[in-house]
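Colleague: Please find the sequence and the predicted model below.
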Amino acid sequence: MMTNLFSVFDPSTSIFNLPLNWISSLMVLIYLPLMYWIIPSRANLIWNKLMNSLYSEMENLLMKKKSPGSTLIFISLFSFIMFNNFMGLFPYIFTSSSHLLFTLTLSLPLWISLMIYSWLNFSQHMFSHLIPQGTPPILMPFMVCIETISNMIRPGTLAIRLTANMIAGHLLITLLSSNGPLLSSLTLVSFLISTQMLLMMLETAVSLIQAYVFTILMTLYTSEAN
């Protein structure tokens with residue numbers, strides 16, 4: 001049962017045993033031509049409003065003068081993660097964001113490049129972050145160790161948070177749906193369908209929220225370094 005349960009997260013396929021399911025991550029490109037319509041649709045207007053809100057929020061966090069262009073990078077990151085989360089809600093489409101390989105590929109290069117840039121250009125500022133203001137002298141060595149460890153595990157926590165939230169909802173939906181053929185009462189079947197609909201609404205919200213959380217945390221890490 002566990003093999004069948006977790007098989008929805010298996011990236012391999014039966015075609016020459018190639019991981020072709022990762023192609024679903026490129027389906028985001030299908031939505032790009034919508035931006036070039038002369039008369040924007042309602043969906044496009046909603047999307048533009050969302051992007052403008054994110055841009056203004058991230059601009060305040062990053063302080064545009066110190067990080068020119070960083071806001072567009074994080075908005076692109078948010079869009080990419082959100083679309084991949086939404087793609088995983090459709091039947092028979094591989095959920096790429098439920099794998100650490102995918103999430104670490106997003107968080108680790110950004111964090112490493114941020115650390116290299118910050119330590120080379122703002123070394124004194126980065127050293128000052130290792131000891132919070134007002135720390136007693138006797139606790140300073142311990143605070144340096146704690147702050148260093150917490151800084152080093154940041155890409156891992158970002159990746160695991162996104163992966164765990166994507167896996168949890170999908171597993172719950174799969175577990176409930178597997179019990180459908182075993183139910184004989186129409187009342188229980190109606191209750192199961194209603195529960196599945198509520199879970200799908202919750203997963204839709206989680207897909208958006210987790211993309212936002214991932215992007216905002218990465219933005220905060222960047223603002224701290226600058």
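Modeller: Cool, got the structure. Numbers count the residues shown, from 1 in each chain.

Colleague: Pull out the buried positions in the helix or strand residue 202 falls within.
Modeller: Remark: residue 202 resides in helix 186-225, with elements defined by DSSP states H and E. Across helix 186-225, burial judged by 16 or more other CB atoms under 10 Å covers 199, 203, 206-208, 210-216, 218-219, 221-223, 225. (C-beta placed from N, C-alpha, C; glycine too.)

Colleague: the strands in this protein, which residues?
Modeller: Taking DSSP state E to define them, one finds no strands in the chain.

Colleague: Point out where it drops to low pLDDT.
Modeller: 1-22, 24, 27-40, 63-68, 226 (pLDDT under 70).

Colleague: ok, now with 90
Modeller: 1-103, 105-106, 110, 113-155, 163-200, 202-204, 207-208, 218-226 (pLDDT under 90).

Colleague: any chance you could map the helices in it?
Modeller: In the chain, the helices defined using DSSP state H lie at 2-6, 42-62, 70-87, 100-121, 123-129, 140-152, 154-178, 186-225.

Colleague: what about residue 70, distance to residue 197?
Modeller: 39 Å (CB to CB, to the nearest Å).

Colleague: ok, back up a step: wait, which of the helices of the chain is closest to residue 26?
Modeller: Nearest to residue 26 among those is helix 70-87 (9.8 Å), distances taken as CB to CB.

Colleague: who's in contact with the closest one?
Modeller: Defining contact as CB atoms under 8 Å, 6 or more residues apart in numbering, one finds that helix 70-87 is touched by 24-25, 27-28, 31, 51, 54-55, 58-59, 62, 64, 93, 95-97, 102, 106, 110, 162, 166, 204, 206-208, 210-212, 214-215, 218-219, 222.

Colleague: Perfect, that will be all.
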